[in-house]
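>>> predicted model, plus sequence, below.
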Amino acid sequence: MPKINGNEIRPGFFLEHDGGLWSVVKVDHVKPGKGGAFAQVEMKNLRTGTKLNERFRSADKVERVRLENKDQQFLYETDGKLVFMDTETYEQIELPADILGERRPFLQDGMTVVVEYHEAEALNATLPPKVTCRIVETEPVVKGQTAANSFKPAVLDNGVRIMVPPFVGPGEEIVVNTDTMEYSERA
């Protein structure tokens with residue numbers, strides 16, 4: 001696996017550090033008045049979910065890990081486990097339900113997600129960037145109200161609360177960005 005310098009670390013990278021596999025969540029490059037520059041890196045362990053803040057100087061070498069991505073279809077949930085099927089081999093795998101975190105409600109039956117593997121071990125799952133949901137509850141549409149930076153609360157069919165523009169009413173389908181968990185557009 002390739003080694004990279006500490007100043008080359010970017011969010012979204014996967015690193016092998018202290019005997020564990022880590023996903024880089026956030027990177028701040030710091031140049032103090034005294035001493036050398038360094039990267040303050042916030043990482044999340046892919047196996048245990050624990051977080052770690054670590055400093056890497058530009059001379060530090062870190063092992064970058066490449067994960068294999070496979071499209072998997074979501075089948076069902078059972079006993080706190082999500083069951084996915086490989087769309088090519090029809091092999092089924094189980095992942096813990098908390099692997100998706102707060103994005104879990106956006107997972108729909110039959111949805112294709114990207115599961116990331118490291119040496120045949122499934123470590124992470126990523127939802128599609130946009131998901132269509134139906135609005136169950138929101139304030140009624142007010143005629144003549146402009147959409148200039150005014151939003152109102154709404155409850156989606158999966159129970160998630162988000163902010164939507166004033167022209168969107170109950171029963172409408174909208175597209176939600178799963179990365180930011182925000183309204184994107186009408187469906």
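Noted; the coordinates are in hand. Numbering: from 1, shown residues only.
>>> mind listing what's buried along the worst-scoring helix or strand of the chain on mean pLDDT?
Ranking every helix and strand in the chain by mean pLDDT, DSSP states H and E puts strand 121-126 at the bottom, with a mean of 83. For strand 121-126, burial by neighbour count (16 or more other CB atoms under 10 Å) applies to 122-125. Just so you know, the C-beta spots here come from the backbone N, C-alpha and C atoms, and that holds for glycine as well.
>>> the helix or strand I93 falls within packs against which elements?
Per DSSP states H and E, I93 falls inside strand 92-96. Secondary-structure packing of strand 92-96 (3 or more CB pairs under 8 Å, 6 or more residues apart in numbering; DSSP states H and E): strand 81-86, strand 121-126.
>>> okay, the angle between the first one and strand 121-126?
Just to be clear, that refers to strand 81-86. Orientation of strand 81-86 against strand 121-126 (axes from the mean of the first three to the mean of the last three CA atoms, to 10 degrees) gives an angle of 90 degrees.
>>> which stretches of this structure have low pLDDT?
By pLDDT under 70, the weakly predicted segments of the chain are 1, 142-148.
>>> let me see the domain layout of it.
Domain assignment of the chain by automatic domain parsing yields the ranges 3-64, 68-126, 130-186.
>>> the longest one: how far from the chain's middle?
Going back to what we said before, that points to domain 3-64. Offset of domain 3-64 from its chain centre (CA atoms, centre = their mean, to the nearest Å): 19 Å.
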